[in-house]
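Chemist: only geometry, no sequence info:
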Ligand SMILES: Nc1ncnc2c1ncn2[C@@H]1O[C@H](COP(=O)(O)OP(=O)(O)OP(=O)(O)O)[C@@H](O)[C@H]1O
């Protein structure tokens, strides 16, 4: 999946230190995502992957370093302003609104979108996930895990973001459903959306991605083309269970 290496940077993190109060989690984290890429952060539980996302989204503020989106410094902006600049977010555990139906969940995702654009966007998203269209009046809590994940992604796409951030989209899903979700992510990317993915299914993630970072104890220890990392003995042994 070679993407033009001359593409512009969409998101950059430079020397980010971040955490929770006195607890420092991220140490000198730098990351670059070019327009059109799929970039993955892989790593074990608790190493700081979600903290990286929360820092990008402004949910926690970095104590030092710079975060730029479309060349603009966003470090100190509030989360709703960062999202409005063109970032869609599908959180870990999906967090759909269980007592609202599919359509209502998508309506909430489109709160920044005009009425005309909403209708167009809804059709595009239903085309991508026909199962959601079939279940548009069904309460989100009664959807299967895979359908809830589709809804979380669809909701994040409603404002037509330039960057889609996904935290563990395959979590708790049967392999065949996870594969279906990843096929949709490839389509979303081909339609022009850049993707930042956090994923513990390293095999699936590296096959989908252009570039990947391996995080250990709040630091990136490897930063490589995904196809090269997929052949790395340490990655294979530690993260893919291949001896
Ligand atoms: N709200 C919080 N307050 C204090 N510490 C936190 C908070 N949230 C996370 N942490 C700590 O920060 C560290 C990194 O957590 P984080 O959720 O970023 O890990 P992760 O790599 O996303 O793990 P997982 O894959 O299990 O979600 C952990 O030690 C965790 O206990």
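Modeler: That came through fine. Predicted, not measured: the structure shown is a model, and the values here were computed from it. Numbers count the residues shown, from 1 in each chain.
Chemist: Would you mind naming what in the chain lies close to the ligand?
Modeler: Residues of the chain lying close to the ligand (Cβ under 6 Å from any ligand atom) are 20, 23, 25, 43, 45, 46, 47, 48, 49, 50, 51, 92. For glycine as for every other residue, the C-beta is placed from the backbone atoms N, C-alpha and C.
Chemist: tell me the contacts of the residue nearest to the fourth one when sequence neighbours are not counted?
Modeler: Yep, that's residue 43 we're talking about. Using Cβ to Cβ, 6 or more residues apart in numbering and skipping the chain neighbours, the partner closest in space to residue 43 is residue 215 (3.6 Å). Taking Cβ atoms under 8 Å, 6 or more residues apart in numbering, we find residue 215 in contact with 41, 42, 43, 47, 48, 49, 52, 221.
Chemist: How about the residue lying closest to the fourth one once chain neighbours are set aside: which residues does it bridge to?
Modeler: When you say that, I think you mean residue 47. Leaving aside its chain neighbours, residue 47 sits nearest to residue 215 (4.8 Å; criterion: Cβ to Cβ, 6+ apart). Taking DSSP bridges as the rule, residue 215 bridges to residue 220.
Chemist: and residue 215, how far is that from residue 27?
Modeler: 10 Å (Cβ to Cβ, to the nearest Å).
Chemist: Pull out the buried residues from the contacts of residue 215.
Modeler: Among these, those classed as buried by 16 or more other Cβ atoms under 10 Å are 41, 42, 43, 47, 48, 49, 52.
Chemist: which among these gets closest to residue 137?
Modeler: Of all the buried ones among the contacts of residue 215, residue 137 sits closest to residue 49, with 35.3 Å by Cβ to Cβ.
Chemist: got a list of what the nearest residue to the closest one once chain neighbours are set aside touches?
Modeler: For residue 49, ignoring the flanking residues on the chain, the nearest one in space by Cβ to Cβ, 6+ apart is residue 198 at 4.6 Å. Remark: with contacts taken as Cβ under 8 Å, 6+ apart, residue 198 is in contact with 40, 41, 42, 49, 50, 52, 53, 92, 166, 167, 168.
Chemist: Counting neighbours, show which residues of the helix or strand harbouring residue 17 come out buried.
Modeler: Residue 17 belongs to strand 9-20 when assigned by DSSP states H and E. For strand 9-20, the neighbour count (16+ other Cβ under 10 Å) marks 10, 11, 13, 16, 17, 18, 19 as buried.
Chemist: Other residues contacting it?
Modeler: Contacts of strand 9-20 (Cβ under 8 Å, 6+ apart): 24-35, 37, 51-52, 55-56, 60-71, 162-163, 194, 196.
Chemist: Out of the buried ones among the contacts of residue 215, flag the one nearest to the ligand.
Modeler: residue 49 (3.5 Å; Cβ to the nearest ligand atom).
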